[in-house]
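[1] build me a model:
(2 chains)
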Amino acid sequence: MYKKILIANRGEIAVRIIRACKELEIKTVAVFSDADRNSLHVNMADEAYNIGGPLPNESYLIGDNIIKVAKKAKCDGIHPGYGFLSENAEFAEKCIKNKIDFIGPSAEAIRLMGDKITSREIAKAAKVPLVPGTEGEVKDDEAVDVAKKIGFPLMIKASAGGGGKGMRLVHQMSDFENSLKMAKSEAKSAFNNDAVFIERFIQEPRHIEIQILGDKKGNVIHLFERECSIQRRHQKVVEEAPSPGVSKKTRELMGKIAVKLAKKVSYSGAGTVEFIMDQKENFYFLEMNTRVQVEHPITEMITGIDIVKEMIKVSSGQPLSIKQKDIGINGHAIECRICAEDPNNNFIPSPGVATYIKSPQGPGVRDDSSLFNGYEVTTFYDPMLSKLIVWGKDRNDAIKRMKRALEEYIVLGLKTNLGFLNRLMDDKDFISGKLDTGFIEKHKKLLKVPKENLEIASIAGAIILDSASGEVETIKDPRFTPWKYIARRSSLSRNSMF
Amino acid sequence: MKYSLKIGKELINFELFPENNGYRIETDEKKFKSELIKIDSNLYSMILNGKTYTIALKKEGKIIEIFYKGETFIFEVPSTRDKSALENASGIDKIVAPMPGRVVKVLKASGDKVNEGEGVIIVEAMKMESELKSSIDGTVTEVSAKDGDTVDLGAHLITVVADDAEE
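    Predicted structure coming up:
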């Protein structure tokens, strides 16, 4: 087992990995940019080193500097988390070359499965169902014929893409050539690579993914599916496990296929095989994420397996601690990504300082957060503040618990999606479980703030105004006690309503 | 006491009457009984018509930030200018002198078109010049001051009427 691990990441996932290490009695080393000196992960790790400027490419993306720190601090492993260097095969190779384990799959597996086109080829060879489409980059001169063959609606996607960049939905032939041009130029500016591929667009698709775990001895298991259909800007915002739209039969089939695919590339560590599924449970392979996923906690909640600990153990050479036949689904889990963004303004990130934070507590609630009073949301990093996860005995129970937990969450100082998520938990279509990736688009009314909420907030505001100092009378004394309250009530009892 | 809060382009008016440990509050439409107690640095407990609400808030200068049920509302304590502009959200902006002083220059004449945020008159007080702006798109219908006039606080200067307003 490892003695000391460097966490090449920031935010909640760095905190998550540090927690796993502490429980495994492994020392931790944090790295941080100039913007993150006061971050939670820096404080929680045993050691911490500055690695440069606030922009990711000045710090968290410079693999060589991170390896230098790991060597200096005598680390025997590096956990990359998600994003940043987590799917960078070259970095994984360099770690090994420097005799430090990269906690994740082999560089070879990252290379094969990380690329959308090669992963499709491998999937095809393994007879994994694929969305009808081009098998590789589509050349300009053949594009029109290819589009006709695949049929409309179709989707143009950047080969090196992710996060919705370089993506275009085309409904008819007359829009095709123009959309192709735009997708290519977007891909060029986002990834410095204008290669695109084309595939059939699935109507009302659900995003379903299978969590897998492999060890270095050739064992691979799956931990069932997650449904991640509630998305905005092509990014997930609410995830749940199991999916309300996947039958037992489909679940077993998807799991088997995901394991088969992972075995093709001798996959070890945690990974996710993503599928797109229509409302009739026809599913097609989308891509594989060769890292720990943001939404991994919901799988942990229903299976009882600590995915991050398991990743560390298998990377150090231990076999998987569980067998497929011993894993079952217990209850239902939901995750909401709490983000600093404005739902009323196309969910654009909303920077600022969180001046006061109070996170929910109580049964079945887990808050994987990097928030603290004074936390600043900058434009340098993702605006995700926290992942609120709940467990319930069934889906209905979990939805009600999530609503209760969201109501307890207080984030003062930032615009967040908390209010929207709160209303989502009350929506009859969400409760019915008929989800697809266009859900938010179709339920725009959930973005609107109820008038009653404004009324209640404004009354509190009016009371605060009722004194030149901006403090209401009852709070002038910070050591306000119930005894003073009683004393004042009795002195005013002549006018009392009692 | 009467109070107003501005949120976006909306103005909310209240009248507060201290009562027991709290207040009787009257808005244009409704009446409430309410009390507010601080329970942590920015955390407050409000009882409103018998129902409880947890609210976080921060007041800084004229800005009051209030968090309730997942939403952050940013209220502003309106100035006299804001109030008259917002009360005339129906489409009439009666611009008055914000302080006693002297009219430096009238920038617009009756019948001129103006845009929201465009300056209409420059006044001077305590050796400081300030340009008063129209809060709406519209047409100047009335000018009651001329260059060099001495004006009292609240004196009417210029009226702008929105093109689609009913007068």
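[2] how far away is the closest residue to A:Gly352 other than its chain neighbours from A:Leu385?
    If you skip the residues right next to it in sequence, A:Gly352 has A:Leu414 as its closest partner in space, 4.7 Å away by C-beta to C-beta, 6 or more residues apart in numbering or on different chains. Where C-beta positions appear, they are placed from N, C-alpha and C, glycine not excepted. Using C-beta to C-beta, to the nearest Å, A:Leu414 is found at 7 Å from A:Leu385.
[3] then B:Glu35?
    From B:Glu35 to A:Leu385 the distance is 31 Å (C-beta to C-beta).
[4] out of those two, which sits in the busier spot?
    Neighbours were counted for B:Glu35 and for A:Leu385 using other C-beta atoms under 10 Å in any protein chain shown; A:Leu385 has more, 26 against 18.
[5] the more buried one against A:Gly352, yeah?
    No - with contacts defined as C-beta atoms under 8 Å, A:Leu385 does not count as touching A:Gly352, sitting 10.9 Å away.
[6] pretty sure A:Asp36 is touching A:Ala48, no?
    No - taking contacts as C-beta under 8 Å, A:Asp36 lies outside contact range of A:Ala48: 9.5 Å.
[7] find residues that contact each of these two.
    Here A:Asp36 and A:Ala48 share the contacting residues A:Val42, scored by C-beta atoms under 8 Å, 6 or more residues apart in numbering or on different chains.
[8] between these two, which one's more packed in?
    A:Asp36 (26 against 21).
[9] show me chain B divided up by domain.
    Using automatic domain parsing, the domains assigned to chain B come out as B:2-76, B:80-161.
[10] now do the end-to-end distance for the last one.
    It stands for domain B:80-161. Taking C-alpha to C-alpha, to the nearest Å, domain B:80-161 runs 19 Å from one end to the other.
[11] what's the answer for the first one, then?
    Terminal residues of domain B:2-76 lie 15 Å apart, using C-alpha to C-alpha.
[12] what's around the residue of chain B found nearest chain A, how many residues?
    At 3.2 Å from chain A, B:Gly70 is the closest residue in chain B, using C-beta to the nearest C-beta. Neighbours of B:Gly70 under the rule other C-beta under 10 Å: 22.
[13] what of the one 4 residues further on?
    Residues near B:Ile74, counting by other C-beta under 10 Å, number 14.
[14] low-confidence stretches in chain A?
    For chain A, the stretches with pLDDT under 70 are A:162-163, A:467-498.
[15] what residue lies at the spatial centre of it?
    Centroid-nearest residue in chain A, with C-alpha atoms, centre = their mean: A:Val294, separated by 3.2 Å.
[16] burial of the residue lying closest to it once chain neighbours are set aside, as a residue count?
    With C-beta to C-beta, 6+ apart as the criterion, A:Val294 has its nearest non-adjacent residue at 5.9 Å, and that residue is A:Tyr82. Number of residues near A:Tyr82 (other C-beta under 10 Å) recorded here: 17.
[17] then the one 10 residues further on?
    Neighbouring residues of A:Ala92 were enumerated by other C-beta under 10 Å; the total is 27.
[18] so it versus chain B, what's the distance?
    As judged by C-beta to the nearest C-beta, to the nearest Å, A:Ala92 and chain B stand 40 Å apart.
[19] please apply the same query to A:Gly461.
    Using C-beta to the nearest C-beta, which is the criterion applied here, A:Gly461 is 5 Å from chain B.
[20] confirm that that residue sits in a strand.
    No - using DSSP: H, G, I helix; E, B strand; the rest coil, the assignment for A:Gly461 is helix, not a strand.
[21] wait, what's in contact with it?
    B:5, B:57, B:64, B:66, B:73, B:75.
[22] wait, B:Ser45 touches B:Leu36, no?
    Yes - in this structure, B:Ser45 is within contact of B:Leu36 by C-beta under 8 Å, at 7.4 Å.
[23] got any residues that touch both of these two?
    Contact criterion C-beta under 8 Å, 6+ apart; residues shared by B:Ser45 and B:Leu36: B:Ile55.
[24] shared neighbours of A:Leu414 and A:Leu385, which are they?
    Residues touching both A:Leu414 and A:Leu385 (C-beta under 8 Å, 6+ apart) are A:340, A:354, A:377.
[25] neighbour count, distance to A:Cys75 and secondary structure added to those, as TSV?
    Formatted as TSV, the shared contacts of A:Leu414 and A:Leu385 follow (neighbours: other C-beta atoms under 10 Å in any protein chain shown; distance: C-beta to C-beta, whole Å; DSSP: H, G, I helix; E, B strand; the rest coil):
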residue	neighbour count	distance to A:Cys75	secondary structure
A:Ala340	24	32	coil
A:Ala354	20	31	strand
A:Val377	24	30	strand
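[26] let's have these in a markdown table, adding distance to chain B.
    Compiled in a markdown table, the shared contacts of A:Leu414 and A:Leu385 are given as follows (distance: C-beta to the nearest C-beta, whole Å):
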| residue | distance to chain B |
| --- | --- |
| A:Ala340 | 10 |
| A:Ala354 | 10 |
| A:Val377 | 13 |
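[27] what's the first helix or strand after the helix or strand of chain B with the lowest mean pLDDT?
    Least confident helix or strand of chain B, by mean pLDDT, DSSP states H and E, is helix B:80-87 with a mean of 64. Moving toward the C-terminus from helix B:80-87, the next helix or strand (DSSP states H and E) is strand B:92-96.
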